[in-house]
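1. Any chance you can model this:
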Amino acid sequence: MKKYDEFQETNEFERDIQDLREWQNNQYNPGHYIGTGRVPRPVKGLGKFSILLIALGIFIFFRYF
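-> As a prediction, this is how the structure comes out:
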């Protein structure tokens, strides 16, 4: 079972590296991600903490304005 876990971990790492390379090669290519259902990795994590981001934005807005 240990070899299977190592294989899964290596496979996941290689997939992450492959996604990162694709994003780096196409980050300035307009329309590359449109219609494919793929979302760049930096944008993917924004939906997880949307309430926190909104609250932080409101706090910063009222703090400085």
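2. Give me the helix or strand of this protein that scores worst on average pLDDT.
-> Lowest mean confidence among the helices and strands of the chain (mean pLDDT, DSSP states H and E): helix 41-44, at a mean of 65.
3. And the average pLDDT for the next helix or strand after that one is what?
-> Once the chain leaves helix 41-44, the next helix or strand it forms, by DSSP states H and E, is helix 50-64. Here helix 50-64 scores 88 as its mean pLDDT.
4. Going forward, count from 664.
-> Will do, 664 is the new start, and the previous item becomes helix 713-727.
5. Kindly format the C-alpha coordinates of helix 713-727 as PDB.
-> The C-alpha trace of helix 713-727 is given here as PDB (Å, rounded to 0.1, in the frame of the first residue of the first chain):
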ATOM      1  CA  SER A 713     -15.600  34.600  -0.300                       C
ATOM      2  CA  ILE A 714     -17.300  35.700   2.900                       C
ATOM      3  CA  LEU A 715     -13.900  36.500   4.500                       C
ATOM      4  CA  LEU A 716     -12.800  38.400   1.400                       C
ATOM      5  CA  ILE A 717     -15.900  40.500   1.400                       C
ATOM      6  CA  ALA A 718     -15.700  41.200   5.100                       C
ATOM      7  CA  LEU A 719     -12.000  42.200   4.700                       C
ATOM      8  CA  GLY A 720     -12.900  44.500   1.800                       C
ATOM      9  CA  ILE A 721     -15.600  46.200   3.800                       C
ATOM     10  CA  PHE A 722     -13.300  46.600   6.700                       C
ATOM     11  CA  ILE A 723     -10.500  48.100   4.600                       C
ATOM     12  CA  PHE A 724     -13.000  50.400   2.800                       C
ATOM     13  CA  PHE A 725     -14.400  51.900   6.000                       C
ATOM     14  CA  ARG A 726     -11.000  52.000   7.700                       C
ATOM     15  CA  TYR A 727      -9.400  54.200   5.000                       C
END
